[in-house]
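Student: Sharing a model that was predicted from the sequence below.
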Amino acid sequence: MRQKIVAGNWKMNKTYSEALSLAAEIGNYIEQNPLADHQHVVLCVPAIYVVDAEQETSSIDNLWVGAQNCHYKDSGAFTGEISAQMLQSVGVKYVIIGHSERREYFNETNNLLKQKVDNALANGLKVIFCCGESLKTREKNDYKEWIEEQLTESLFHLSMPQLLNVAIAYEPIWAIGTGKTASPEQAQEVHEHIRYLMMNIYGAATANKVPILYGGSCNPANAATLFAQPDIDGGLIGGASLKIDDFAAIIKAMP
Ligand code: 13P
């Protein structure tokens, strides 16, 4: 069975004590409802909390801490930045790369993201790589080409073994934080296309191993129907990952 992942992207939310209480609550939930071998839950907390969140959750099987970004170099004069090497050194397992908010507000290009992906993988992190189109691109019916370009320019140079340390997250920008979820059919169409693109380059065996997550207004009411689609392998959750009851319900919906 393909790896399934429910990852919470906390974005720039929560104070220290709030963050640690939420991490502890999620830990307790998973202790009482253990994850299967093929299921991972990832908490992509603000970077300042990764060390404590890691300590809080390290004893719980298949619960991991992730970061929301990293630099493309190991070290150097890059004031304010955090490297994949640093994240790895404190026990972080996953890093989100290419979130649409980083692309939009921090001008991250496909080429820069390619360098970040390479550096994160070289440092032993697993990458959750985000792609997805704007409303304008969707309305022009260009979304498949747009996503193909994002993946080709940042991801498809990887070797087969490298790609197996990547999960792809399809996050249509028009669905992020808007309450307007992609329908299960809309999401499945894109996920199937992403798998088809991988199949053409890497072959079916590899393409069938890469988890493809859906993100964008995923919540307890729609998670199970989305996750029931054949090419949807879990979710990257924003707003609903900040509340224990909602996040627990989404974890429960993971196949
Ligand atoms: P929402 O779940 O709040 O729409 O955010 C999705 C997202 O951006 C996760 O990375």
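Tutor: That came through, no problem. Everything numeric here is computed off the predicted structure, so don't read it as measured data.

Student: quick one: Y16 and P46 touch, right?
Tutor: No - judged on CB atoms under 8 Å, Y16 makes no contact with P46 at a distance of 9.5 Å. (C-beta placed from N, C-alpha, C; glycine too.)

Student: And these two? Which one has more around it.
Tutor: Set Y16 next to P46 and count neighbours by other CB atoms under 10 Å: P46 wins out with 17 against 11.

Student: ok, now which ones touch that one?
Tutor: P46 makes contacts with W10, K11, M12, N13, K14, A19, Q68, as judged by CB atoms under 8 Å, 6 or more residues apart in numbering.

Student: tell me the SS of the fifth one?
Tutor: Okay, so that is K14. Following DSSP: H, G, I helix; E, B strand; the rest coil, the label given to K14 is coil.

Student: Could you tell me how far it is located from the ligand?
Tutor: 14 Å (CB to the nearest ligand atom, to the nearest Å).

Student: Repeat that for the second one.
Tutor: Here the distance between K11 and the ligand works out to 7 Å (CB to the nearest ligand atom).

Student: now do the fourth one
Tutor: According to CB to the nearest ligand atom, N13 and the ligand sit 10 Å apart.

Student: Skip the chain neighbours and tell me the closest residue to that residue.
Tutor: L242 (5.8 Å; CB to CB, 6 or more residues apart in numbering).

Student: ditto for the fifth one
Tutor: Nearest in space to K14, with sequence neighbours left out and distances taken as CB to CB, 6+ apart, is L22 at 6.6 Å.

Student: What residues does the stretch 101-250 of the chain have near the ligand?
Tutor: For the stretch 101-250 of the chain, the contact set with the ligand under CB under 6 Å from any ligand atom comprises E171, I176, G177, G215, G216, S217, C218, L236, I237, G238, G239, A240.

Student: wait, what's in contact with K144?
Tutor: V190, H193.

Student: again, only using 10 Å
Tutor: The contact partners of K144, by CB atoms under 10 Å, 6 or more residues apart in numbering, come to E133, T137, E189, V190, H193, I194, Y196, L197.

Student: rewinding a little: I'd say the residue nearest to N13 and M12 touch.
Tutor: No - with contact defined as CB atoms under 10 Å, L242 does not count as touching M12 (11.3 Å).

Student: wait, doesn't the residue nearest to K14 sit right on F247?
Tutor: Yes - the pair L22 and F247 passes the contact test of CB under 10 Å, sitting 8.3 Å apart.

Student: Return every residue with contacts to both of these two.
Tutor: Common neighbours of L22 and F247 (CB under 10 Å, 6+ apart) are G8, L43, S241.

Student: ok, the closest residue to the last one other than its chain neighbours - how many residues close by?
Tutor: Of all residues not flanking S241 in the chain, G8 sits nearest, at 2.8 Å (CB to CB, 6+ apart). Using other CB under 10 Å, G8 has 26 other residues around it.

Student: By proximity to the ligand, which residue of the stretch 1-150 of the chain wins?
Tutor: N9 (3.6 Å; CB to the nearest ligand atom).

Student: So which of the shared contacts of L22 and F247 are in strands?
Tutor: Under the assignment DSSP state E, those contribute G8, L43 to strands.
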